[in-house]
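Q: sequence first, then the predicted structure, then my questions.
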Amino acid sequence: QVQFVESGGGSAQPGGSLRLSCAASGFSFSSSVMAWFRQAPGKERELVTTVTTTDDKRNYADSAKGRFTISRDNYKNTMSLQMNNLKPDDTGVYFCNALVLGSTIYPWGQGTHVTVSS
């Protein structure tokens, strides 16, 4: 079965950094566009960034550009999100998932919580 396990969240001060990790299993990871999503308190889940199958093209939401970096390891079926210069608006639960024709079709993992505050 498809499974996503996110980790690496925690608390950080504004301007700080966190590195999130995602371990995926149960599907063809190397053939899948992968993505990170964020759900802020009281808001819907939103797309933060995507990475192509060969890690050669990345897209970022405007809020993440210049601060976040997505990467993947197709040998380990893992993905990471390096988040720098964190802002309070980055607070939320972060999820990873695969995109199939632009949509998520697999069950969500538990996510990892990120809290940015002073």
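A: Done, it's in.
Q: all helices of the chain, in order?
A: Defined through DSSP state H, the helices belonging to the chain form an empty list.
Q: remind me which residues of it are low pLDDT?
A: Regions of the chain meeting the criterion pLDDT under 70 are absent.
Q: centroid residue for the chain?
A: Computing the C-alpha centroid of the chain and ranking residues by Cα atoms, centre = their mean puts Trp36 first, at 2.6 Å.
Q: tell me what it is bridged to.
A: Each beta-bridge partner of Trp36 is listed here, defined by DSSP bridges: Thr49, Cys96.
Q: for Trp36, give its distance to Ser71.
A: 11 Å (Cβ to Cβ, to the nearest Å). The C-beta positions use only the backbone N, C-alpha and C, and glycine is treated the same way.
Q: re the thing from before, surely the residue nearest to the centre of the chain meets Arg58?
A: No - contact status for Trp36 versus Arg58: not in contact, 10.5 Å apart, counting by Cβ atoms under 8 Å.
Q: where do the contact lists of those two overlap?
A: Taking Cβ atoms under 8 Å, 6 or more residues apart in numbering as the contact rule, Trp36 and Arg58 both touch Thr49, Thr50, Ile70.
Q: nearest residue to the second one other than its sequence neighbours?
A: When the adjacent residues along the chain are set aside, Thr50 lies closest to Ala35, with 4.4 Å between them (Cβ to Cβ, 6 or more residues apart in numbering).
Q: wait, what's in contact with that neighbour?
A: Residues near Ala35 by Cβ under 8 Å, 6+ apart: Leu47, Val48, Thr49, Thr50, Val51, Cys96, Asn97, Ala98, Leu99, Thr104.
Q: quick check, the third one in contact with Ser71.
A: This means Thr49. No - here Thr49 does not reach Ser71: they are 10.1 Å apart, not a contact under Cβ under 8 Å.
Q: of these two, who's got more company?
A: Neighbours per residue (other Cβ atoms under 10 Å) separate Thr49 from Ser71, with Thr49 holding more: 19 against 13.
Q: in contact with the more buried one: list those residues for me.
A: With contacts defined as Cβ under 8 Å, 6+ apart, Thr49 is in contact with Ala35, Trp36, Arg58, Asn59, Tyr60, Ala61, Ala64, Phe68, Ile70, Leu81.
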